[in-house]
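J.: Everything below, folded, please.
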Amino acid sequence: MNNGISRRYFFFGSILAGVVPTGGFGSAQSLKALGYKSVLNKLNIAGIGVGNRGAADLTPMAVSENIVALCDVHQDYAAKTFAKYPKATKYKDFRVLLEKEKNIDGVVIGTPDHSHTPIALAAMQAGKHVYCEKPLTRTVWEARLLRDAAHKYNVATQMGNQGYSHEGTRTCAEILWSGAIGEVREVHAWTGGIYGGHFLVEGAPPVDPIPGALDWDLWLTTAASRQYNENMFSKWRAWQDFSGGGSLGDWIVHCLGPANLALQLHLAPPTSVECIQLTGKNDYVWPESAQLKYEFPERGGMPPVTINVYMNLRGDVPYPAGMAPEEPLFPVPNNLAERGRYAPPDPGVRGERLAAPAAPKRPDKVGQPVDRTKRPGNGSLFVGNKGAMATVTRGEGVWLLPAARWAEYVLPPQILPRSVNHQQDWVRAVKGGAPGCSNFDISVPYIEWLILGAVALRVPNTKLLWDAKKMQFTNNTEANKYLRPNIRKGWELKL
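T.: All right, here's what the predicted structure looks like:
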């Protein structure tokens, strides 16, 4: 059936393993006993890492809450945000902030990936609620550590993958559960950049002078001690030491959000992951391009599914059967707005998210022609046995394919709760409401399977067999070395 929700999928849509509390969305949870703040009071929020993404996360929170403290290891980089909140106390060291700011209720972490775990763990140990940017952590071990900490210290959490709060992502899940495209055994997700390889390093990176406004040793936190290189700071996501797989932790975590939700991938971890092609392998930065393949078993009545990821390889994404070569994957802009089902973009997020596709055959960053009428920007493609469906960027747009199906399609009933925005979703949880839609019980299983791909990038052309219970690959000793992070002496992480 196309216009309703099949009985088979209704259970998964209504429970969502924590997206909707078992007692009902908005049910009482006795959180006041755990120190949660009344909805009548404003939260006191601290921002840690506020030069870029962290600043954007604070913007929608500042509408209703107090921003009382800010912290950044690079005072010049954060100067604009510091000026925006003149009453907030300013810090360089997050440990000093947590020691002195006893009245804060929660922290917003917008630092590079490698420092998420030490900061989030310290905040939870101090009894503070945590909003932490994606991809949450670089390794499986760190992800599980943060989930365990959230349980031990009874705090509200949220990973900053904003698309999980968007109308399009939730509509995508409802369409799939309605049976409109049948059983999905194949998903493709792509991004035009990989955050690596575009400045390949031969040998040791050159040493640059450390800017006076930057505390480089503090910026490194748990990471291996490195001599300062300007690209390490300004392009940190490209470096293996500092990011969770380059584009895996940047855009792919967004692109695969709809698949993780709709296909209920948290119910059963993947059985394998493999890097099946790669260019630009390097000891320091992530590769220039790569393709990954994850294999998931049957999950709660859903068939096995293969997730294919293309980083800087959009042209390799297979085109859906039955579509004309010139037909775009994303046929119309603002498609949910036309149906009265569009949630406006989160405040603080740059750019128009549902723009029409760019002109075709425009060269991308590495000079390869890319037909953007077929595979524009970042997105994903669900291939079912009764049709196909595409999503764009973080899941903000969704279309049935071919477009002729979408023209007269009537959306199924809403069965998932809607959100104002991702940041306010966390604010509600901190004040005793329903858990955040990407709280660590939801986001950790997602990030755990996703960042297995970062291990595959280090051990390419090998099918890695995953045992989630033992937290190890059963067929590759080298791969197991990358399941835990390097931790410098003095930065040990313990519950």
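J.: Sketch out the strands for the stretch 351-495 of the chain, chain order is fine.
T.: 362-363, 369-370, 379-384, 387-392, 397-401, 464-467, 472-473 (DSSP state E, counting those that start in this stretch).
J.: what would the ones you listed look like in CSV with mean pLDDT, mean neighbour count and distance to N312?
T.: C-beta coordinates here come from the backbone N, C-alpha and C atoms, glycine included. Below are those laid out as CSV (pLDDT from 0 to 100; neighbours: other C-beta atoms under 10 Å; distance: least, C-beta to C-beta, whole Å):
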stretch, mean pLDDT, mean neighbour count, distance to N312
strand 362-363, 30, 10, 13
strand 369-370, 40, 16, 10
strand 379-384, 94, 24, 14
strand 387-392, 91, 25, 18
strand 397-401, 87, 26, 22
strand 464-467, 98, 19, 22
strand 472-473, 98, 20, 26
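J.: want to try TSV for those strands, with distance to H254 as columns?
T.: TSV is the format used below for these (distance: least, C-beta to C-beta, whole Å):
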stretch	distance to H254
strand 362-363	22
strand 369-370	19
strand 379-384	10
strand 387-392	10
strand 397-401	12
strand 464-467	23
strand 472-473	26
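J.: Can you say which of these is nearest to N308?
T.: When the strands of the stretch 351-495 of the chain are compared by C-beta to C-beta, strand 379-384 sits nearest N308, at 9.1 Å.
J.: Output the closest one as CSV - backbone C-alpha positions only.
T.: Output in CSV follows, covering the C-alpha atoms of strand 379-384 (Å, rounded to 0.1, in the frame of the first residue of the first chain):
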residue,chain,number,x,y,z
GLY,A,379,22.5,12.5,-0.9
SER,A,380,21.3,8.9,-0.8
LEU,A,381,19.3,6.5,-2.9
PHE,A,382,17.1,3.7,-1.6
VAL,A,383,16.5,0.8,-4.0
GLY,A,384,13.4,-1.2,-3.3
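J.: name the helices or strands packed onto that strand?
T.: helix 167-177, strand 184-191, helix 257-262, strand 387-392 (3 or more C-beta pairs under 8 Å, 6 or more residues apart in numbering; DSSP states H and E).
J.: ok, 6 Å please
T.: Packed against strand 379-384, as judged by 3 or more C-beta pairs under 6 Å, 6 or more residues apart in numbering; DSSP states H and E, are the following elements: strand 184-191, strand 387-392.
J.: Other residues contacting the shortest one?
T.: Where contact means C-beta atoms under 6 Å, 6 or more residues apart in numbering, the residues beyond strand 387-392 that reach it are 172, 181, 258, 320, 329-330, 379-382, 398-401.
J.: Could you spell out the sheet neighbours of that strand, each with its direction?
T.: Next to strand 387-392 in the sheet, as set by DSSP bridges, lie strand 379-384 (antiparallel), strand 397-401 (antiparallel).
J.: cool, the longest one as well?
T.: Sheet neighbours of strand 184-191, with direction, are listed as strand 305-311 (parallel), strand 379-384 (antiparallel) (DSSP bridges).
J.: what number of residues lie near G436?
T.: Counted with other C-beta atoms under 10 Å, the neighbours of G436 add up to 30.
J.: so what's it closest to, chain neighbours aside?
T.: Q158 (3.7 Å; C-beta to C-beta, 6 or more residues apart in numbering).
J.: residues in contact with that neighbour?
T.: Contacts of Q158 by C-beta under 6 Å, 6+ apart are Y131, W426, G436, S438, N439.
J.: so is it in a helix, a strand, or just coil?
T.: Following DSSP: H, G, I helix; E, B strand; the rest coil, Q158 is assigned to strand.
J.: That one bridge partners, please.
T.: Y131.
J.: how far away is it from N103?
T.: For Q158, the distance to N103 equals 21 Å [C-beta to C-beta, to the nearest Å].
J.: got any ranges where this protein has weak pLDDT?
T.: Residues of the chain meeting the criterion pLDDT under 70: 1-39, 195-202, 325, 331-376.
J.: buried sites along the longest helix seen in it?
T.: Counting residues, the longest helix found in the chain (DSSP state H) is helix 140-153. Residues V140, W141, E142, A143, R144, L145, L146, R147, A149, A150, Y153 are the ones in helix 140-153 that count as buried (16 or more other C-beta atoms under 10 Å).
J.: distance of the nearest residue to the fifth one once chain neighbours are set aside from T89?
T.: Nearest non-adjacent residue to R144, counting by C-beta to C-beta, 6+ apart: V444, 6.7 Å away. When distance is defined by C-beta to C-beta, V444 is 31 Å away from T89.
J.: So between the two, which is more surrounded?
T.: Under the criterion of other C-beta under 10 Å, the comparison of V444 against T89 puts V444 first, with 24 against 14.
J.: Just to check, that one is in contact with R147?
T.: Yes - look at V444 against R147 with C-beta atoms under 6 Å: they come within range, at 4.2 Å.
J.: Any idea how many residues pack against S225?
T.: The tally of other residues near S225 (other C-beta under 10 Å) stands at 10.
J.: A strand includes it, no?
T.: No - applying three-state DSSP, one finds S225 to be coil, outside a strand.
J.: I'd like the distance between it and Q291.
T.: Taking C-beta to C-beta, one finds S225 at 33 Å from Q291.
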